[in-house]
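Q: my questions are about this predicted structure, shown below with the sequence.
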Amino acid sequence: PLPLDVEAIRADFPILTRTVRDGKRLVYLDSGATSQKPRQVLDAERWFYENINAAPHRGAHQLAEEATGAYEEARRTIGAFIGAPENEIVFTRNTTEAINLVAYAMSNAGTAKEPEFRTYAVGQGDEIVVTEMEHHADLIPWQQLCERTGATLRWLGLTDGGRLDLSDLDTVVNERTKLVAVTQQSNILGTINPLEELVARAHAVGALVLVDGAQSVPHQPVDVTALGADFLVFSGHKMLGPTGVGVLWGRYDVLDKLPPFLTGGSMIEVVRMEGSTFMPPPQRFEAGVPMTAQVIGLGAAVDYLQALGMDKVEEHEKALTGYALEKLAEIPGVTVIGPADTVARGGAISFTVEGVHPHDVGQVLDDLGIAVRVGHHCAWPVVRRYGVPATTRATFYVHTGYDDVDALADGIRAAQKFFGTV
Ligand code: PMP
């Protein structure tokens with residue numbers, strides 16, 4: 001049996017009761033793109049709008065006070081989930097915006113009036129390090145930062161087996177490095193990266209470390225103290241929460257020395273026509289009326305995950321991943337791109353089917369009610385590295401069972417039959 005009670009969990013997800021493609025059960029294997037939402041999350045958002053809807057941190061009325069209370073309580077819940085105090089949690093729109101926030105704060109640092117805001121300025125001669133397996137969200141903002149500042153982008157490559165190639169770590173990460181940005185779990189290969197080694201090297205040369213937790217925080221226990229990095233970013237919509245809310249965790253002493261990214265209401269201390277001063281973190285980075293309902297929904301998602309237990313969630317997905325890797329290995333012509341066993345590997349399984357284009361595989365699966373992702377998965381350099389035009393990707397979550405994996409394997413065989421490759 002699987003570590004989680006799949007039938008009980010499925011009953012919490014209204015969308016799993018619908019059928020697709022003429023009455024077929026929905027086999028949702030695309031949680032890596034976005035996760036489905038349990039009733040508890042949907043109820044929390046509705047409760048907010050029906051009962052306490054108001055702009056937090058504004059207004060002297062009871063609703064505003066209650067909205068502020070619920071918003072800040074969710075901040076504490078979400079902080080505790082990753083072992084962080086509330087003043088280190090900044091709400092953004094998603095992972096993408098959280099990374100852009102850091103990248104823009106670092107380029108804004110170069111022209112900041114306040115000397116302490118110049119601490120992490122980036123300029124010519126400086127280097128930013130990423131890896132070849134980053135999602136575009138953790139690549140393009142750094143390319144752009146380099147274009148704005150004259151800094152140079154460097155990267156760590158990949159091994160044939162789908163892991164980070166750390167053989168040149170000490171030359172790529174060096175005294176010129178200002179920041180290392182790395183994903184904890186690859187969204188396309190499933191690889192879980194050895195962050196201790198990277199963090200140790202980065203800190204030894206005085207560089208900051210940003211960890212992209214978009215695919216790790218939803219699927220394994222993550223504790224920022226154990227992680228040892230300076231920033232951790234993730235998206236609510238990938239962890240059973242609503243769309244429109246993401247999280248930037250930053251070490252307080254680092255956040256405190258960063259200038260703002262977006263400016264406007266809510267983030268100011270004193271405003272004069274001649275110029276203004278800004279609030280301390282996290283308010284400095286939350287300009288405008290926030291996505292209050294979404295934050296409260298994300299708080300409910302965290303409660304839901306915590307009730308299941310993140311250790312169990314991780315074990316559950318490991319069991320499914322092992323089972324899926326075995327099942328796919330039994331099908332001639334199927335090649336998994338990424339680690340072939342479950343050691344330091346999460347549940348994103350990308351594969352190709354000999355003689356059938358990934359989009360055609362996706363199409364056949366869709367006809368059978370099986371939702372997967374096809375394409376380059378916003379990690380174009382990765383598919384290029386492994387010499388494939390695209391892949392088909394299956395991803396798992398708390399409601400996934402062995403029956404879903406069996407459906408996937410049967411669907412792949414059906415695609416092979418349809419295209420006459422077997
Ligand atoms: N990083 C990784 C590893 C991801 O998988 C994703 C989402 N596919 C992102 C970043 C970007 O997340 P979002 O689109 O929610 O900003």
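A: Structure's in. What do you need? Numbers count the residues shown, from 1 in each chain.
Q: for the stretch 101-250 of the chain, what lies in contact range of the ligand?
A: 135, 137-138, 183, 187, 212, 214-215, 235 (Cβ under 6 Å from any ligand atom). (Glycine included, C-beta is placed from N, CA and C.)
Q: all the strands of the stretch 1-150 of the chain, residue numbers only.
A: Per DSSP state E, counting those that start in this stretch, the stretch 1-150 of the chain carries strands over the ranges 19-20, 24-25, 27-28, 89-92, 127-131.
Q: averaged pLDDT, the longest one. What do you get?
A: pLDDT averaged over strand 127-131 equals 98, rounded to a whole number.
Q: helices or strands up against that strand?
A: helix 140-149, strand 152-156, strand 177-183 (3 or more Cβ pairs under 8 Å, 6 or more residues apart in numbering; DSSP states H and E).
Q: just name the most buried of these.
A: strand 177-183 (a mean of 25; mean count of other Cβ atoms under 10 Å).
Q: tell me the buried residues in whatever helix or strand comes next after it?
A: On the C-terminal side of strand 177-183, the nearest following helix or strand under DSSP states H and E is helix 195-204. Residues of helix 195-204 classed as buried: 195, 198-199, 201-203 (neighbour count, 16 or more other Cβ atoms under 10 Å).
Q: and stretch 69-83, by the same measure?
A: Buried-residue list, stretch 69-83, by 16+ other Cβ under 10 Å: 70-71, 74-75, 77-79, 81-82.
Q: need the strands of the stretch 1-150 of the chain in CSV with mean neighbour count, can you?
A: CSV is the format used below for the strands of the stretch 1-150 of the chain (neighbours: other Cβ atoms under 10 Å):
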stretch, mean neighbour count
strand 19-20, 13
strand 24-25, 16
strand 27-28, 23
strand 89-92, 25
strand 127-131, 25
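Q: same list (the ones you listed) but as CSV, adding distance to Lys318.
A: Supplementary listing: those in CSV, determined by distance: least, Cβ to Cβ, whole Å:
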stretch, distance to Lys318
strand 19-20, 28
strand 24-25, 24
strand 27-28, 19
strand 89-92, 28
strand 127-131, 23
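Q: sorry, back to before: would you format the helices and strands packed on strand 127-131 as TSV with mean pLDDT included?
A: As requested, these are exported to TSV (pLDDT from 0 to 100):
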stretch	mean pLDDT
helix 140-149	98
strand 152-156	98
strand 177-183	98
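Q: and those: which comes nearest Cys378?
A: helix 140-149 (9.7 Å; Cβ to Cβ).
Q: what's that closest one packed up against?
A: helix 95-109, strand 127-131, strand 152-156.
Q: and that helix with strand 127-131, angle?
A: Using axes from the mean of the first three to the mean of the last three Cα atoms, to 10 degrees, the inter-axis angle of helix 140-149 relative to strand 127-131 is 160 degrees.
Q: excluding its own residues, what touches helix 140-149? List them.
A: 96, 99-100, 102-104, 106-107, 110, 122-124, 126, 128, 130, 151-153, 179, 181 (Cβ atoms under 8 Å, 6 or more residues apart in numbering).
Q: these, buried ones only, as a PyMOL selection?
A: Typed into PyMOL, the line below selects the buried ones among those, using 16+ other Cβ under 10 Å:
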select buried, resi 96+99+100+102+103+104+106+107+110+122+126+128+130+151+153+179+181
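Q: residues contacting Glu326?
A: So Glu326 contacts nothing (Cβ under 8 Å, 6+ apart).
Q: wait, a strand at it?
A: No: using DSSP: H, G, I helix; E, B strand; the rest coil, the secondary structure at Glu326 is helix, not a strand.
Q: so the spatially closest residue to Ile52 that is not a sequence neighbour versus Asn51, what's the distance?
A: Closest residue in space to Ile52, ignoring its immediate chain neighbours: Glu66 at 4.2 Å, by Cβ to Cβ, 6 or more residues apart in numbering. Distance, Glu66 to Asn51, by Cβ to Cβ, to the nearest Å: 8 Å.
Q: okay, these two: which has more neighbours?
A: Using other Cβ atoms under 10 Å as the criterion, Glu66 and Asn51 rank with Glu66 on top: 16 against 11.
Q: show the contacting residues for the more buried one.
A: Contacts of Glu66 by Cβ under 8 Å, 6+ apart are 51-52, 54.
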